[in-house]
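Chemist: Could you work out the structure for the sequence below:
(one chain, ligands or ions: 2)
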Amino acid sequence: MNILLLGSGGREHAIAYKIAQSDNCTHLFVAPGNAGTTNLNGRSSNVALDNADFDAIRDFVLQHEVRMVVVGPEAPLVAGIADYFHNEPSLKEVMIIGPSKEGATLEGSKDYAKAFMQRHNIPTAQYRTFTKDTVEEGCRFLETLKAPYVLKADGLAAGKGVLILDSLDEAKQELHAMLEDAKFGDASSRVVIEEYLSGIELSVFVLTDGHSYLLLPSAKDYKRIGEGDTGLNTGGMGSISPVPFADEAFLQKVEERIVAPTVKGLEQENIDYKGFIFVGLMNCGGDPYVIEYNVRMGDPETESVFPRIKSDVVALFEHTYRSTLGQTALEIDPRTAACVMMVAGGYPEHYEKGNEITGMEQVQGSLIFHAGTKLSGDKVLTNGGRVMAITSLADSLPEALKQSFANVEKIQWKDKYFRHDIGQDLLKYL
Ligand code: AMP
Ligand code: GLY
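Modeler: Ligands and ions are numbered 1, 2, ... in the order given. Okay, here's the model as predicted:
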């Protein structure tokens, strides 16, 4: 069948790489894609479609006899693309992989997600939500908590809406700025204040048809720009899968206390959900707590999780759409995947675009997943902050890291940057 994948990052290249390997895929269109998503396995191409223009997507799907649409990023989901497909008679036969707008609210509103977790007894930090009218109450609530203080803009804020502050005065000032001065625009018209969880973070990924689910491999990402987890937050500077401290006993707790009740909660509340759930977790002394839900795969976690999936992903997606996931099993490569993200100098602040990338042909034994790249004639140019991810699979984490870093050195462009310490914090758990 013909398949359309929406998105343009490293996540989408990794998903596209797996889709293009499937015998069920005749042709894969990636919209808008990047320099890496054309001609995968001789059967993919990019198409310039705006992910917010659902009518244009419908017209393309009908014109090119697309039978399956896979949604990479959250924005079209939060905007209701799955509902659009379900409600549009001409798209009745098209399998859309991604939750309904209501389901996507698990990512689109932190307050909604917290209330959902509370209703279903899913472990998460204690919290309260405040608005402009209750800002003084919010300040009183902060006084009852211990530092550090966690303030979250309710809505989507491009990963920037969470503040963690050591001083009570600063926390109160920021609460006022978020609620009264729209510090994060509309996203901070409501603010969730929550208890600080101390522990080590990881992510677990789930593919669900809204009734059954498959647990995908765990992963850990590296959010800060600087080595030793310092400096500004980024989209993610690397990822490792599996996470060595997430042993079977811990993952069993995650499944029993979090994943199963989450899927059951969706079912009980009649929320149509056919897609991924990305559960951001804190391991607090061996007990998992949910930090956040996302309604898509993570980036760059996908670049280490998807290469480990041996099963045919198109078949998995079809089971997801038809609510038959319970009849399938997942085949996972037991090796460790280490992904190192290469970024443009200056990212996540100002950076250049349009620099030529060289040396990719010298890469051996690793996968290259493009993120912010574009083709210009036969050249590949940088076209974003996160430029490309290098992923290696090996029998051990040190070997996988060694392989990725050796290949990272072979790829060049003006002012490239990467973190040399990806995965180092995990070696002590091996
Ligand atoms: P979020 O956007 O909710 O994932 O939050 C961004 C980051 O803030 C997370 O990845 C955590 O590192 C941190 N964070 C969020 N909530 C908490 C919390 N309750 N306790 C400690 N750290 C948190
Ligand atoms: N790597 C974090 C995210 O995709 O949100």
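
Chemist: Can you give me the buried ones in stretch 361-370?
Modeler: Neighbour counts over stretch 361-370 (16 or more other C-beta atoms under 10 Å) mark 363, 366-370 as buried. For every residue, glycine as well, the C-beta is placed using N, CA and C.

Chemist: outside of it, which residues touch it?
Modeler: 10, 13-14, 17, 34-37, 300, 303, 307, 339, 360, 380, 387-392, 403-404, 407, 410-411 (C-beta atoms under 8 Å, 6 or more residues apart in numbering).

Chemist: about what we covered before: which one of the buried residues of stretch 361-370 is nearest residue 30?
Modeler: residue 370 (10.7 Å; C-beta to C-beta).

Chemist: Quick check: phi and psi on that closest one?
Modeler: Backbone geometry at residue 370, expressed as degrees, to the nearest 10, gives phi -70, psi 150.

Chemist: What's opposite it in the beta bridge?
Modeler: For residue 370, the beta-bridge partners under DSSP bridges are residue 388.

Chemist: about what we covered before: filter the contacts of stretch 361-370 down to the buried ones, PyMOL style.
Modeler: Only the buried entries of the contacts of stretch 361-370 go into this PyMOL selection, using 16+ other C-beta under 10 Å:
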select buried, resi 10+13+14+17+34+35+36+37+300+303+307+339+360+380+387+388+389+390+391+392+403+404+407+411
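
Chemist: Can you tell me the SS state at the spatially most central residue of the chain?
Modeler: Centroid check for the chain by C-alpha atoms, centre = their mean gives residue 298 as the closest residue, at 1.7 Å. Under DSSP: H, G, I helix; E, B strand; the rest coil, the three-state class of residue 298 is coil.

Chemist: nearest spatial neighbour of it, skipping sequence neighbours?
Modeler: Residue nearest to residue 298 in three dimensions, not counting chain neighbours: residue 278, with 5.1 Å by C-beta to C-beta, 6 or more residues apart in numbering.

Chemist: how about that neighbour, what does it touch?
Modeler: 203-206, 293-298, 301 are the contacts of residue 278 under C-beta under 8 Å, 6+ apart.

Chemist: Spell out which residues of the chain are next to ligand 2.
Modeler: Contact residues (C-beta under 6 Å from any ligand atom) of the chain with ligand 2: 221, 236, 294, 298-299, 301.

Chemist: who wins for most neighbours among the residues you listed?
Modeler: Greatest neighbour count in those, by other C-beta atoms under 10 Å, goes to residue 301: 31 neighbours.

Chemist: does that residue really touch residue 205, like I thought?
Modeler: Yes. Assessed by C-beta atoms under 8 Å, residue 301 is found in contact with residue 205 at 7.1 Å.

Chemist: Would you mind listing the residues touching both of those two?
Modeler: Counting by C-beta under 8 Å, 6+ apart, the shared contacts of residue 301 and residue 205 are 219, 278.

Chemist: Compute the number of surrounding residues for residue 168.
Modeler: For residue 168, using other C-beta under 10 Å, the count is 15.

Chemist: In contact with it, which residues are there?
Modeler: 142-143, 147, 149.

Chemist: now, which of those lie within strands?
Modeler: The members of the contacts of residue 168 that map onto strands under DSSP state E are residue 149.

Chemist: Now flag whichever of the buried residues of stretch 361-370 is closest to ligand 2.
Modeler: Checking the buried residues of stretch 361-370 against ligand 2 with C-beta to the nearest ligand atom, the nearest one is residue 369 at 13.5 Å.
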